[in-house]
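**Student:** here is a sequence together with a model predicted from it:
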Amino acid sequence: MTQMIPDAERPLLPVATARESWAWLGRAVRTKSAIAAAGIVTAALGAAATVLPVYMFGVLVDRVRESAPIASLGGIVAIIAVAAVAAGVFTGLSRYFVAVLGSTVLARLREVVVVRTLRLPMRTVEQAGKGDVLARVGDDVAVIDKAVSDAVPPVISALFLVVVSLTTMVGIDWRLGLAGMIAVPMYTLALRWYLPRSAPRYAAQRVAMGARSRP
């Protein structure tokens with residue numbers, strides 16, 4: 001006769017560590033390196049096109065102060081307009097490529113999860129409970145899907161925008177670039193404070209979701 005294990009005493013399925021997650025993600029992205037490269041290139045071009053109008057506005061102000069002919073200002077205005085359109089196009093393309101890459105990786109993740117689940121020993125499934133297994137197959141993947149769709153594209157665009165902005169500021173005047181770089185240590189300290197505290201909480205959340213899904 002099989003002994004029934006109370007839900008509170010059932011061991012939950014393990015949660016992947018950050019190192020394991022990054023290792024799997026790296027392998028998955030490398031299989032779609034062309035799409036990843038397209039996303040990176042378009043993100044860089046989008047950031048450059050976003051910064052260019054700001055620089056050209058400065059040039060326009062200088063020309064106006066110098067009482068330059070009206071005809072010479074038309075070219076600057078045209079560059080600003082084209083750069084604004086290009087920024088939108090490249091940023092949109094970057095988010096599209098990132099979304100395609102994320103969807104592809106996510107589809108692969110779903111396949112891996114289903115295969116791993118089907119290969120689990122029956123004793124492991126019985127000990128963990130069907131609710132925990134279903135939570136890993138459904139809820140965990142849904143959370144990753146939301147992150148890929150809503151969080152990753154803006155973060156990549158913002159990262160390239162910061163890099164291009166700082167590079168442009170250094171190119172204009174090293175003192176201006178130095179002033180802009182003052183913010184970098186602040187962001188670094190904020191990330192060093194946030195990430196070690198948030199990662200364990202997110203992992204604990206996934207464990208709690210698995211426990212909650214038990215019948």
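**Tutor:** Alright, I've got the coordinates. Predicted, not measured: the structure shown is a model, and the values here were computed from it.
**Student:** helix or strand for the residue sitting nearest the centre point of the chain, which one?
**Tutor:** Residue closest to the mean C-alpha point of the chain, counted by C-alpha atoms, centre = their mean, is residue 152 at 2.1 Å. Applying DSSP states H and E as the criterion places residue 152 in helix 152-172.
**Student:** which element follows that helix toward the C-terminus?
**Tutor:** On the C-terminal side of helix 152-172, the closest following helix or strand by DSSP H and E is helix 174-181.
**Student:** residues of that next one that come out buried?
**Tutor:** With burial defined by 16 or more other C-beta atoms under 10 Å, the residues of helix 174-181 counted as buried are 177, 180. For the C-beta atoms, the positions are set from N, CA and C on the backbone; glycine is no exception.
**Student:** mind giving me the packing neighbours of it?
**Tutor:** When contacts are defined as 3 or more C-beta pairs under 8 Å, 6 or more residues apart in numbering; DSSP states H and E, helix 174-181 packs onto helix 152-172.
**Student:** packing partners of the helix it packs on?
**Tutor:** The contact analysis (3+ C-beta pairs under 8 Å, 6+ apart) places helix 152-172 against helix 33-65, helix 70-118, helix 174-181.
**Student:** state the distance from residue 91 to residue 200.
**Tutor:** 34 Å (C-beta to C-beta, to the nearest Å).
**Student:** may I ask which helix or strand of the chain has the lowest mean pLDDT?
**Tutor:** Ranking every helix and strand in the chain by mean pLDDT, DSSP states H and E puts helix 130-134 at the bottom, with a mean of 66.
**Student:** tell me which residues of the following helix or strand past it come out buried.
**Tutor:** Sequence-wise, the next helix or strand downstream of helix 130-134 (DSSP H and E) is helix 141-146. Using 16+ other C-beta under 10 Å as the test for burial, helix 141-146 gives 141, 144.
**Student:** helices or strands up against helix 141-146?
**Tutor:** Going by 3+ C-beta pairs under 8 Å, 6+ apart, helix 141-146 lies up against helix 70-118.
**Student:** and the helix it packs on, how far out from the chain's middle?
**Tutor:** 12 Å (C-alpha atoms, centre = their mean, to the nearest Å).
**Student:** average pLDDT across it?
**Tutor:** Averaging pLDDT along helix 70-118 yields 84.
**Student:** counting by contacts, list what it packs against.
**Tutor:** Using 3+ C-beta pairs under 8 Å, 6+ apart: helix 70-118 touches helix 18-30, helix 33-65, helix 141-146, helix 152-172.
**Student:** which of those helices has the lowest mean pLDDT?
**Tutor:** helix 141-146 - the lowest mean pLDDT of the helices and strands packed on helix 70-118, at a mean of 72.
**Student:** what does that helix rub up against?
**Tutor:** Helix 141-146 is contacted from outside by 106, 109-110, 113, 206, using C-beta atoms under 8 Å, 6 or more residues apart in numbering.
**Student:** please redo it, this time with the cut-off set to 6 Å
**Tutor:** Helix 141-146 is contacted from outside by 106, 110, using C-beta atoms under 6 Å, 6 or more residues apart in numbering.
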